[in-house]
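In: below are the sequence and a predicted model; questions follow.
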Amino acid sequence: REPLMLGTTGMGIDLASYGTDESAIAVRQGDNVVDVTGYPAGRIDWFINGDPEHPEIMSPVRRKIKEYQPWVIVYDADGPGAGAIGEFQRLHEWAKRNRYMKEDSVIIPFRGGKRVNDHYLNNRSAWWWALRKRFERKRISMQVLDPKTDHQLSQLTYSITATGQIKVESKADMKKRGESSPD
């Protein structure tokens, strides 16, 4: 659909500390995904706030914040991101102090495994399902041409549990059938 550049600028961050998975930063402006960038797995603290021995080199997350000045950042707080709350607090203070984020801006830790309601097995299932519905209703547009992102978005499957809940395929189940963890 034709992109509308209205609404809040937000950033999503997926963290990977080792192996073949990637850390990723996605940026949306309103309902438009305008940037998706993958980075090799590595030290989470350096990815977020930079290497303290080289403060002249801005971290990937700080560079994107400076460029896009988001109002909201949502990061994957499961797995490698579980211990990153302190890093994100430091990041938020830095961003507000330098006026890259407003005082009322927020950074939200996303916990995919938590239960959200009776309709979905967990938060991960609810958020993926909401994204699916946005695509179906043409309420989101991708201004990024990226075959890897296209593949990751189209390979996820779901099932209905015995109690009638929507269960989006887990990362572990995706890996069992040869797919990588979606960023």
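Out: Received the coordinates, thanks.
In: how much space separates the nearest residue to E179 once chain neighbours are set aside from P182?
Out: Distances taken as CB to CB, 6 or more residues apart in numbering put Q155 closest to E179, at 5.1 Å, once the chain neighbours are dropped. Using the backbone N, CA and C atoms, a C-beta is placed for each residue, glycine as well. With distances taken as CB to CB, to the nearest Å, Q155 is found 8 Å from P182.
In: give the residues shared as contacts by the two.
Out: M174 (CB atoms under 8 Å, 6 or more residues apart in numbering).
In: any weak-confidence spans in the chain?
Out: 1-6, 183 (pLDDT under 70).
In: go again with 80.
Out: 1-6, 112-116, 141-146, 152-153, 171, 180-183 (pLDDT under 80).
In: cross-check the contact I'm expecting between the residue nearest to E179 and G178.
Out: No: taking contacts as CB atoms under 8 Å, Q155 lies outside contact range of G178: 9.7 Å.
In: higher neighbour count, those two?
Out: Between Q155 and G178, Q155 has the larger neighbour count (other CB atoms under 10 Å), namely 14 against 7.
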